[in-house]
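Engineer: what would the 3D arrangement of this be:
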Amino acid sequence: MIRRPHVIEPAAVYFEKTARRDPADPASPKIGLGRFNAEIWVLGFLGIDFSGWSKAQLSAARFGFDALFPFVLLFLLSLVTRPAPKPDQDRFFARIHTPVQPTPEEDDRAVQAAYAAPDMYRARKVWPRSAWEIMKPGKWDIIGFGGSWLLVGVIILLLWLMVSIR
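Structural biologist: Okay, here's the model as predicted:
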């Protein structure tokens with residue numbers, strides 16, 4: 001068996017890459033070049049030490065931060081801000097939760113009925129006595145979700161067939 005050492009070069013943490021200020025002088029200080037990774041800076045500020053992380057780990061940390069931070073910010077800001085007035089919320093959610101009807105006239109009647117009784121969809125909420133407007137999935141929600149995943153499976157199968165044909 002032949003073994004060859006594989007060295008993973010250190011990656012720039014806060015920038016895309018680093019370079020010497022004076023390329024001819026190996027003792028000159030390094031400077032960051034390219035995009036500044038603000039996500040890594042924020043996570044470092046929170047106490048995470050990235051000094052030994054590979055480039056792939058840094059990219060994964062940036063992706064995780066980009067995926068989760070908006071939700072964390074949304075929840076934190078919602079704790080310190082005043083909610084919209086209840087009538088405005090009721091009108092908005094009555095319109096959002098009203099299913100679309102086949103004709104504009106029927107749709108208008110359904111929306112007006114929902115405006116008149118804004119609590120008519122409260123029983124379909126996952127947590128009926130909370131301010132969270134998460135609805136229980138209905139039959140068509142489940143069928144649509146399953147159909148979407150079925151299409152994903154078909155696409156992956158087609159991709160697998162394309163790469164496996166010789």
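Engineer: name the SS class of residue 34, please.
Structural biologist: Under the three-state scheme (DSSP: H, G, I helix; E, B strand; the rest coil), residue 34 adopts strand.
Engineer: scratch that, residue 13
Structural biologist: coil.
Engineer: where do the helices sit along this structure?
Structural biologist: Assigned by DSSP state H, the chain shows helices spanning 38-45, 55-80, 86-97, 104-116, 139-164.
Engineer: walk me through the domains of this structure.
Structural biologist: 15-80, 84-135, 138-166 (automatic domain parsing).
Engineer: closest to residue 4 out of those domains?
Structural biologist: Set against residue 4 and scored by Cβ to Cβ, those come closest in domain 15-80, at 18.8 Å. Any C-beta I mention is one placed from the backbone N, CA and C, and that applies to glycine too.
Engineer: and that closest one, how far out from the chain's middle?
Structural biologist: How far domain 15-80 lies from its chain's middle: 18 Å, per Cα atoms, centre = their mean, to the nearest Å.
Engineer: so can I have a markdown table of the helices of the chain showing distance to residue 126?
Structural biologist: Below are the helices of the chain laid out as a markdown table (distance: least, Cβ to Cβ, whole Å):
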| stretch | distance to residue 126 |
| --- | --- |
| helix 38-45 | 31 |
| helix 55-80 | 17 |
| helix 86-97 | 13 |
| helix 104-116 | 19 |
| helix 139-164 | 12 |
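Engineer: possible to save these as a markdown table with distance to residue 132 and mean pLDDT?
Structural biologist: As requested, the helices of the chain are exported to a markdown table (distance: least, Cβ to Cβ, whole Å; pLDDT from 0 to 100):
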| stretch | distance to residue 132 | mean pLDDT |
| --- | --- | --- |
| helix 38-45 | 27 | 95 |
| helix 55-80 | 11 | 94 |
| helix 86-97 | 11 | 90 |
| helix 104-116 | 19 | 93 |
| helix 139-164 | 17 | 96 |
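Engineer: which of those helices sits closest to residue 31?
Structural biologist: Each of those has some distance to residue 31 by Cβ to Cβ; the shortest is helix 38-45, at 15.9 Å.
Engineer: measure the spatially most central residue of the chain to residue 96 for me?
Structural biologist: Using Cα atoms, centre = their mean, the residue of the chain that lies closest to the mean C-alpha position is residue 67, 3.9 Å off. Going from residue 67 to residue 96 by Cβ to Cβ, to the nearest Å gives 25 Å.
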